[in-house]
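**Student:** output the structure for:
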Amino acid sequence: MRRKNINYSKEHSRFLARNRRKKFFVLSMQICILVVILGLWEILSYFNVINTLIFSSPSRILNTIGSLYSSGELFYHIGITLYETLLGFAISTALGLLIAILLWWSETLRKILDPYIVVLNSLPKIALGPIVIIWFGAGMQSIVVICVLITIIITIISMLNAFRSCEQDKILLMKSMGANKFQILLKLILPASVPQFISVLKISIGMSWVGSIMGEYLISSAGLGYLIVYGSQIFRLDLVMASTLILCILASIMYLIVSFIEKLVNKKRS
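**Tutor:** Numbers count the residues shown, from 1 in each chain. Reported below is the predicted structural model:
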């Protein structure tokens with residue numbers, strides 16, 4: 001398929017060039033700041049200005065990751081945590097969206113459940129950890145449940161607010177044309193809530209990682225959260241920071257995937 005040649009005006013071309021230069025400058029500065037921080041950290045640790053036992057160093061962190069890779073443990077622990085996070089993320093997103101639809105559908109049900117949702121949202125989820133472990137056992141199931149508990153409430157509240165914020169004039173117009181509630185939901189409410197749904201996904205990614213790591217803190221024998229706990233217990237800060245670095249990379253990749261999906265959706269909608 002051939003690309004169409006678009007002739008821009010000189011002013012628009014200069015505007016696009018300025019935008020490209022600005023994006024390049026921002027990215028360059030971000031990379032420079034990271035390089036300076038890591039370089040300074042490495043230099044200070046090399047000359048024993050800071051205690052490497054407590055603060056570690058970039059080279060020691062990379063060596064630890066290399067050791068985990070050589071022993072075959074790296075992808076095993078990554079796989080465990082990634083599976084728990086993705087499963088919790090998928091369940092909480094699907095279930096949260098379904099509950100939000102039910103609450104939008106029935107105003108009576110929304111009024112009945114509203115105080116319970118508020119209480120669950122304000123309750124520290126870690127307080128439910130021991131109960132979840134007793135109910136679901138000391139295994140991966142409990143970690144996934146904790147992940148869901150932490151993520152699902154924000155999905156319900158955000159999506160319900162998105163559904164209710166849809167323009168009433170459009171709803172009345174569809175009703176006047178004979179549309180039933182299911183048609184209004186399918187043709188108007190859900191399509192109009194897509195941008196908010198993407199925003200919820202971005203938030204849920206971070207919450208899912210928090211939930212899975214929190215669950216591994218409480219009960220686990222594998223995973224990145226387990227490595228962090230184990231490393232802190234034996235005072236191996238290299239292992240703690242290496243696991244934290246891997247978590248940051250994985251969370252960033254998931255966020256970038258959602259951002260890419262958002263761009264595709266926006267491009268299709270425009």
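**Student:** buried stuff in stretch 60-70?
**Tutor:** R60, I61, T64, I65, L68 (16 or more other CB atoms under 10 Å). For every residue, glycine as well, the C-beta is placed using N, CA and C.
**Student:** cool, and stretch 220-230?
**Tutor:** Neighbour counts using 16+ other CB under 10 Å place S220, A222, G223, L224, G225, Y226, L227, I228, V229 of stretch 220-230 among the buried residues.
**Student:** what separates it from the chain centre, distance-wise?
**Tutor:** 20 Å (CA atoms, centre = their mean, to the nearest Å).
**Student:** what's the mean pLDDT across the helix or strand L113 falls within?
**Tutor:** Following DSSP states H and E, one finds L113 within helix 107-122. For helix 107-122, the mean pLDDT works out to 88.
**Student:** try stretch 260-268
**Tutor:** 83.
**Student:** gap between it and the chain center?
**Tutor:** 18 Å.
**Student:** check stretch 163-171 too.
**Tutor:** Averaging C-alpha positions (CA atoms, centre = their mean) puts stretch 163-171 28 Å from its chain's average.
**Student:** what's the answer for stretch 115-134, then?
**Tutor:** Put simply, stretch 115-134 sits 20 Å off its chain's centre (CA atoms, centre = their mean).
**Student:** which pLDDT value goes with the residue minimising distance to the centre of the chain?
**Tutor:** With distances taken as CA atoms, centre = their mean, the residue of the chain nearest its centroid is I205 (1.4 Å). Listed pLDDT for I205 reads 90.
**Student:** list the buried ones in stretch 253-270?
**Tutor:** Result for stretch 253-270 [16+ other CB under 10 Å]: buried residues M254, V258, E262.
**Student:** how far does that stretch sit from the chain's center?
**Tutor:** Relative to the centre of its chain, stretch 253-270 is centred 14 Å away, using CA atoms, centre = their mean.
**Student:** with stretch 18-36 instead?
**Tutor:** With CA atoms, centre = their mean, you get 24 Å for stretch 18-36.
**Student:** now do the same contact list for V26.
**Tutor:** Going by CB atoms under 8 Å, 6 or more residues apart in numbering, V26 touches no other residue.
**Student:** quick check: the gap between it and Y255.
**Tutor:** Separation of V26 from Y255 (CB to CB, to the nearest Å): 17 Å.
**Student:** show the contacting residues for the residue of the chain positioned farthest from its centre.
**Tutor:** Using CA atoms, centre = their mean, the residue of the chain lying farthest from its centre is K10. It sits 41.2 Å away. K10 makes no contacts at all, as judged by CB under 8 Å, 6+ apart.
**Student:** where does it land on pLDDT?
**Tutor:** 73.
**Student:** pLDDT below threshold where in this structure?
**Tutor:** 1-8, 270 (pLDDT under 70).
**Student:** quick check: longest helix of it.
**Tutor:** Secondary structure of the chain per DSSP state H: the longest helix is helix 10-46.
**Student:** need the next SSE after it, C-terminal direction.
**Tutor:** Beyond helix 10-46 on the C-terminal side, the first helix or strand identified by DSSP H and E is helix 52-55.
**Student:** tell me the buried residues in that following helix?
**Tutor:** Neighbour counts over helix 52-55 (16+ other CB under 10 Å) mark no residue as buried.
**Student:** what does it contact?
**Tutor:** In contact with helix 52-55 (CB under 8 Å, 6+ apart) are residues W41, S45, R60, F235, L237.
**Student:** how close does the last one sit to G231?
**Tutor:** Going from L237 to G231 by CB to CB gives 7 Å.
**Student:** count of neighbours near W41?
**Tutor:** W41 has 17 neighbours, counted by other CB atoms under 10 Å.
**Student:** an error on my part: the question was meant for S208.
**Tutor:** Other residues lying near S208 total 28 when counted by other CB under 10 Å.
**Student:** surely it touches A90?
**Tutor:** No - counting by CB atoms under 8 Å, S208 does not reach A90; the two are 9.0 Å apart.
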